[in-house]
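Asks: Next come a sequence and a model predicted from it.
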Amino acid sequence: MIQNIRGTKDILPETIYLWQYLEDKFKTIADLFGYKEIRTPIFEKTEVFSRTIGENTDIVNKEMYTFKDRDNENITLRPEMTAALVRSVVQHSLDYNIAALRLWYFGPFFRYERPQKGRYRMFHQFGAECIASPYPESDAEVILLANHLIKSLKIDDYTLLLNSLGNSASREKYKSALVDYLNSVKNNLSEESKIRLEANPLRVLDSKDENDIKALENSPAILDYLDQESAEHFNAVRNLLDNAKVNYTIDNRLVRGLDYYNHTVFEFRSNALGAQDSFGGGGRYDGLINQLGGKDTPAVGFAMGVERLLLILEALNAMPIKPNYTDVYLVITSDENLQYAFEIANTLRSRGIRVSTEIKRRKMKGQFKEADKLEAAYTIVIGDTEFKERKVTIKNMASGEQKLIQYEELNEFQFQLQ
Ligand code: HAM
């Protein structure tokens, strides 16, 4: 038997309603905030990601599914959307001058990570990106959108972590202070952090290694290095969130795993998840559009892991009720009655009633078993008498009540459906 690839999952018909429930919410909430959907290819030229996410990040270094196609072109299965979306915005010269570009997306992403609970090689993200504004109200807007979604899913056990990486001048000043500090505790750092210290020092702050965490106890805090412009921006974002009564925790070690961020960064974490506790994150990326060949344009956004949202819903018992897919099961007792049964099925379907018919030519018992399995609200039996007299027998499966009516009455029949 051929099995699926490690780190991927089949979403089976039994649980598809959970995904449809989430997809509905994504669309509804994005609509509420005036965001339009965008869909781009799931693979891109490798440089779309390698240049923007950063040559020294885990994603680019270790996790990208990159291959050469038959034309010897370097192709990468998208590990995230932001860079791909910006590629598309620049390529099509989507206008962000008259109206801000507010975009959302949902789809599959690929990272070659070690699979574990909440971490897969193919996973899904819902995200939103707001392109056009350098002002803190757009940072606050995307955070509010994410928060609105989380609340609408009835998730209350989560933390929003907030930090600022400042503008590039502030960040350079901080980086040099951090490098000095890290060099002073270098002997206590893990091998991986020693490498990061050379290649991408901010990422050392992200380490989960216990020794690193200890060594970082007295590290300088980035918020102390923000210049006036950066500090004002951050305070304004905080004020907007405070006024909107959004709870958050300042975490001056939060740097995020992608290089394109400046100013605000944020992450949503939940205790319901275990080791992979971050279920969403984002921030401002003012340089990215220019980097991909567009005009210098500020932007901010976030993405959420859909599998992780589902794990939280499950842990919190906040799953939606499983829907029923069949209103009527049509029991057909002989081949002779088939045409008549199909006529009935079509009449009902044109009224919007969901009908399944017998297609295995079984005895009545087998057909009623299927009706039970489908949890059909009604069965309609087409036997010889019904066929000859153009009647139907309708049975309400919950009450057991049964009625023999004329075919013509079927149009007015009041089905009691949830
Ligand atoms: P990210 O933090 O790399 O950010 O990913 C966002 C979310 O995707 C994570 O919080 C997590 O829930 C989910 N995720 C990431 N990797 C995996 C995995 N291997 N398995 C399951 N879920 C995963 C970004 O991707 C940025 N593009 C977010 C952004 C948008 N920043 C600005 N705009």
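Replies: Looks like it arrived, so ask away.
Asks: so residue 61 sits in a strand?
Replies: No: looking at residue 61 with DSSP: H, G, I helix; E, B strand; the rest coil, it is helix, so not inside a strand.
Asks: And the pLDDT at the residue nearest to it when sequence neighbours are not counted?
Replies: Spatial nearest neighbour of residue 61, chain neighbours left out: residue 55 (7.6 Å); criterion: CB to CB, 6 or more residues apart in numbering. Heads up, the C-betas are built off the backbone N, CA and C, glycines and all. At residue 55, the model reports a pLDDT of 85.
Asks: what's the residue of the stretch 101-250 of the chain found nearest the ligand in contact with, if anything?
Replies: The minimum distance from the stretch 101-250 of the chain to the ligand, using CB to the nearest ligand atom, falls at residue 123 (3.4 Å). Neighbouring residues of residue 123 by CB atoms under 8 Å, 6 or more residues apart in numbering: 108-109, 111, 305-307.
Asks: same check, this time on residue 84
Replies: Counting by CB under 8 Å, 6+ apart, residue 84 has contacts 40-41, 44, 48-49, 78.
Asks: from the residues you listed, which would you call buried?
Replies: The neighbour-count test (16 or more other CB atoms under 10 Å) applied to those identifies 40, 44, 48-49, 78 as buried.
Asks: tell me which of these is nearest to residue 170?
Replies: residue 49 (26.3 Å; CB to CB).
Asks: residues contacting the closest residue to the ligand within the chain?
Replies: In the chain, the residue that lies nearest the ligand is residue 305 (2.2 Å; CB to the nearest ligand atom). If a contact means CB under 8 Å, 6+ apart, then residue 305 has 118, 123-125, 278-280 as its contacts.
Asks: Next, count neighbours for residue 162.
Replies: By other CB atoms under 10 Å, the residues close to residue 162 number 23.
Asks: And the nearest residue to it once chain neighbours are set aside, how close does it get to residue 151?
Replies: Spatial nearest neighbour of residue 162, excluding adjacent residues (CB to CB, 6+ apart): residue 248 at 4.6 Å. As judged by CB to CB, to the nearest Å, residue 248 and residue 151 stand 14 Å apart.
Asks: So these two - more neighbours on which side?
Replies: Using other CB under 10 Å as the criterion, residue 248 and residue 151 rank with residue 248 on top: 18 against 13.
Asks: correct me, but the more buried one touches residue 147?
Replies: No: the criterion here is CB atoms under 8 Å, and residue 248 misses it with residue 147 at 9.2 Å.
Asks: any shared contact partners between the two?
Replies: Common neighbours of residue 248 and residue 147, using CB under 8 Å, 6+ apart, are residue 160.
Asks: quick revisit: give me the element the residue nearest to residue 61 is part of.
Replies: Residue 55 is part of no helix or strand when elements are defined by DSSP states H and E.
Asks: Pull the number of nearby residues for it.
Replies: A count of nearby residues for residue 55, using other CB under 10 Å, gives 11.
Asks: what's the answer for residue 293, then?
Replies: 10.
Asks: need the contact list for the nearest residue to residue 280 once chain neighbours are set aside.
Replies: In space, and not counting its chain neighbours, residue 280 is closest to residue 304: 3.6 Å by CB to CB, 6+ apart. Residues counted as contacts of residue 304 (CB under 8 Å, 6+ apart) are 125-127, 146, 149, 268, 279-280.
Asks: Export the contacts of residue 305 as a markdown table, with columns for secondary structure and pLDDT.
Replies: Listed next are the contacts of residue 305 as a markdown table, based on DSSP: H, G, I helix; E, B strand; the rest coil; pLDDT from 0 to 100:
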| residue | secondary structure | pLDDT |
| --- | --- | --- |
| 118 | coil | 94 |
| 123 | strand | 98 |
| 124 | strand | 98 |
| 125 | strand | 98 |
| 278 | strand | 95 |
| 279 | strand | 97 |
| 280 | strand | 98 |
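Asks: Greatest separation within these: which pair is it?
Replies: Longest span within these, CB to CB: 124 and 278, 15.2 Å.
Asks: got the residues of the stretch 301-418 of the chain near the ligand?
Replies: Within the stretch 301-418 of the chain, the residues that sit near the ligand (CB under 6 Å from any ligand atom) are 301-305, 307-308.
Asks: Return the subset of those residues lying in helices.
Replies: Cross-referencing these against helices under DSSP state H gives 307-308.
Asks: can you redo the residues of the stretch 301-418 of the chain next to the ligand as TSV with pLDDT?
Replies: Shown next, in TSV, are those (pLDDT from 0 to 100):
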residue	pLDDT
301	98
302	98
303	98
304	98
305	98
307	97
308	97
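Asks: what about the chain, any weak spots by pLDDT?
Replies: Judged against pLDDT under 70, the chain has no low-scoring part.
Asks: The same query, at a cut-off of 80, please.
Replies: For the chain, the stretches flagged by pLDDT under 80 are 418.
Asks: Which stretches in it count as helices?
Replies: Secondary structure of the chain by DSSP H: the helices cover 16-32, 46-53, 58, 82-91, 136-152, 168-184, 191-199, 210-215, 228-243, 288-291, 306-315, 338-350, 364-373, 384-389.
Asks: Tell me which of these sits nearest to residue 104.
Replies: Nearest of these to residue 104, taken as CB to CB: helix 16-32 at 4.0 Å.
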